[in-house]
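> how would this look folded up:
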Amino acid sequence: MESLMQNHPLKGNINHSVCRWCFNDFSLDELCIEGKKMGLTGIDLVGPEDWPILKKHGLKSSMCNGAEINLVDGFNDKQFHKTLINNYSEMIPLVAKAGYKNLICFSGNRRGIDDETGWNNCVEALKQLIPLAEQHQVMLVMELLNSKIDHQDYQCSKTAWGVELCKRLDSENFKLLYDIYHMQVDEGDVISTIKNNHQYFAHYHTAGVPGRNEIDETQELNYPAIVKAIAETGFKGFVAQEFIPKNADRMASLKQAVSICDI
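Residues are numbered from 1 along each chain as shown. I've put the predicted structure just below:
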């Protein structure tokens, strides 16, 4: 594999990473070793307890986690504010001290909360954290998740909802994680959405549609065209693979995905 990569080096236009949870059957050490052979420079969704492993391999935590409660109890609901503000107030300085930038967060489920109330509640809590994020040069990044299949009742399930929250917060230290898989499922029109809203996107995730598997010819999205559109916006962040491999050789699937997205 290593010699193959030497014959076909990555082009350097995209910062490639992979989400840890999709390859949990490998140790983090193994994922780092194999990922580096493919040209990955980061691993997504890794918390402080595993940052020393990433540093040992010279990789970044491209999207830090560990401050969130879970995916359903988020900033849109006041009952979770105290816990979340405490968690993120502790985590933001740790992210900065480690030399990382991105820290994931979630709107949470609606539970009957209308859009306006959800925006207001998110703003109320996040405005207490943004000065700390700005001080430490950390980006709070809210993920867009589909509410059609995978995360029913999740509030930040449309790009327009997340963009409106960004506008209300009006900080360069709060942006969105545009998950291409999730947004194709919930709203489609991926390339136009990226072109029109890229200034609000700090990070991208991939996966095949339908099924959330390999991003090869078995699915409906044209990933080379999508990643080209991302690069044309001047994006300098990470594009992270977040698909669940079906093929027996999972690392071969990851290597192929990186190659597909290396425009």
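> per-residue confidence for the residue lying closest to residue 33 once chain neighbours are set aside?
Excluding the flanking residues, the one nearest residue 33 by Cβ to Cβ, 6 or more residues apart in numbering is residue 57, at 6.8 Å. C-beta here means a position set from N, CA and C on the backbone, and glycine is covered the same way. At residue 57, the model reports a pLDDT of 98.
> again, but for residue 6
Here, the pLDDT recorded for residue 6 equals 42.
> for residue 157, which three-state class applies?
At residue 157 the chain is in coil, as set by DSSP: H, G, I helix; E, B strand; the rest coil.
> hang on, the residue nearest to residue 33 packs against residue 36?
Yes: with contact defined as Cβ atoms under 8 Å, residue 57 and residue 36 form a contacting pair (6.2 Å).
> hmm, back to that, dihedrals phi and psi, the residue nearest to residue 33?
Residue 57 adopts backbone torsions of phi -100, psi 0, taken as degrees, to the nearest 10.
> contact partners for it?
Contact partners of residue 57, counting by Cβ atoms under 8 Å, 6 or more residues apart in numbering, are 29, 32-33, 36.
> now the biggest helix by length in the chain: buried residues?
The single longest helix within the chain, with elements called by DSSP state H, is helix 115-136. Residues of helix 115-136 classed as buried: 118-119, 121-123, 125-126, 129-130, 132-134, 136 (neighbour count, 16 or more other Cβ atoms under 10 Å).
> same question for stretch 231-240.
Buried residues in stretch 231-240 (16+ other Cβ under 10 Å): 231, 235, 237-240.
> quick one on the thing from earlier: what's the following helix or strand after the longest helix of the chain?
Where DSSP states H and E defines the elements, the next helix or strand beyond helix 115-136 is strand 139-143.
> what average pLDDT does that next one get?
Mean per-residue pLDDT for strand 139-143: 98.
> tell me what the helix or strand following that strand is packed against?
As assigned by DSSP H and E, the chain's next helix or strand after strand 139-143 is helix 159-169. Judged by 3 or more Cβ pairs under 8 Å, 6 or more residues apart in numbering; DSSP states H and E, helix 159-169 is in contact with helix 115-136, strand 174-179, helix 190-197.
> the shortest one pairs with which strands, parallel or anti?
Here strand 174-179 is paired, per DSSP bridges, with strand 139-143 (parallel), strand 201-206 (parallel).
> in a markdown table, list the ones you listed along with mean neighbour count.
Listed next are these as a markdown table, based on neighbours: other Cβ atoms under 10 Å:
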| stretch | mean neighbour count |
| --- | --- |
| strand 139-143 | 24 |
| strand 201-206 | 24 |
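> which residues of the stretch 51-200 of the chain score low on pLDDT?
Within the stretch 51-200 of the chain, no range satisfies pLDDT under 70.
> would you list every one of the helices in the stretch 1-150 of the chain?
Counting by DSSP state H, counting those that start in this stretch, one finds helices in the stretch 1-150 of the chain at the ranges 2-7, 28-38, 51-56, 81-97, 115-136.
> for these, which one sits closest to residue 212?
Residue 212 sits nearest to helix 28-38 of all these, at 18.6 Å, using Cβ to Cβ.
> let me see the mean pLDDT of that closest one.
97.
> report the buried residues of it.
Those would be 28, 31-32, 34-35, 37-38, for helix 28-38 by 16+ other Cβ under 10 Å.
> what of stretch 153-169?
Buried residues in stretch 153-169, counted by 16+ other Cβ under 10 Å: 154-159, 161-166, 169.
> closest to residue 258 out of the residues you listed?
residue 159 (25.3 Å).
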